[in-house]
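Peer 1: fold the following, please.
(one chain, ligands or ions: 1)
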Amino acid sequence: MPYRPYRRYHPGTQPEYLHSPYVSSQKRAPSQPLIHLPHTISEVTGPVFSNNVIDVKAFDLTKQHHAEPIGERVIVSGRVIDEDGRPLPHTLVEIWQANSAGRYAHAIDQHNAPLDPNFTGCGHTITDAEGRYRFVTIKPGAYPWQNHYNAWRAAHIHFSVFGPAFATRLITQMYFPGDPLMANDPIFNCTADESARNRLISLFDWQTTMPLQALGYQFDIVMSGRDATPFEDHHGAHR
Ligand SMILES: [Fe+2]
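Peer 2: Sure thing, here's the model as predicted:
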């Protein structure tokens, strides 16, 4: 079967392995030069996802329990496109996030903020024929972390987008416009190029805002090439 390799990321538009203000990157960053591996059929192929498996509880995180979660309801939607601007249909999009108080429903998260019995914070969906996806969720709260004195993560939603092949899977974080914590968030600022970094910030959107129901945010994701959405961290940190 013929296949072609995927274009590598454009220099400067992705986080460096070592970004000293992000303290854990100091230990994680490779100390030796990387070995360049050619893409083979193992990297340029991948599973095919069917939207038969997606029900409303998967993409509406406010409907996963008996009652509604506490917090500000939001709709996050957008398009997944490839390096040439073509939509990527039928690709798996997954999200995970803290609740409105800034607490993950995860054993490792011991932040002194309440858990919400009606919010797990995980969802998934499949893009449609035009590459569109849509989630209904709760706006996540900011939370403290140990990186430096008085460190707080800007509110964010974690995204994984599979793309057409194993080599294209993108893991990133989406931020909210106007959040004052972004300026001092070392993970947000890992991406040196300002315009690339700003592609991580969603846009408030009247078109998808629903009267009396939820604010809408648009977040388009470019899988690779010059306009690629920055990868959150090449080593898969999840904070
Ligand atoms: Fe997080």
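
Peer 1: ok, and the helix or strand in the chain with the lowest average confidence?
Peer 2: helix 41-44 (a mean of 84; mean pLDDT, DSSP states H and E).

Peer 1: Thr137 contacts Ala155, correct?
Peer 2: No - assessed by Cβ atoms under 8 Å, Thr137 is found out of contact with Ala155, at 11.8 Å. No exception for glycine: its C-beta is placed from N, CA and C like everyone else's.

Peer 1: which residue ranges form the strands in this protein?
Peer 2: 73-81, 92-96, 122-126, 132-138, 143-145, 151-153, 156-161, 170-175, 203-204, 215-218, 221-222 (DSSP state E).

Peer 1: wait, which of the ones you listed is closest to Gln110?
Peer 2: Of all those, strand 143-145 sits nearest to Gln110, with 11.0 Å by Cβ to Cβ.

Peer 1: what strands flank the closest one, and is each parallel or antiparallel?
Peer 2: strand 151-153 (antiparallel) (DSSP bridges).

Peer 1: how far off centre is the strand it pairs with?
Peer 2: Offset of strand 151-153 from its chain centre (Cα atoms, centre = their mean, to the nearest Å): 18 Å.

Peer 1: what's opposite the residue most central in space within the chain in the beta bridge?
Peer 2: Nearest residue to the geometric centre of the chain (Cα atoms, centre = their mean): Phe159, 2.4 Å. With beta bridges defined as DSSP bridges, Phe159 has these partners: Ile95, Thr172.
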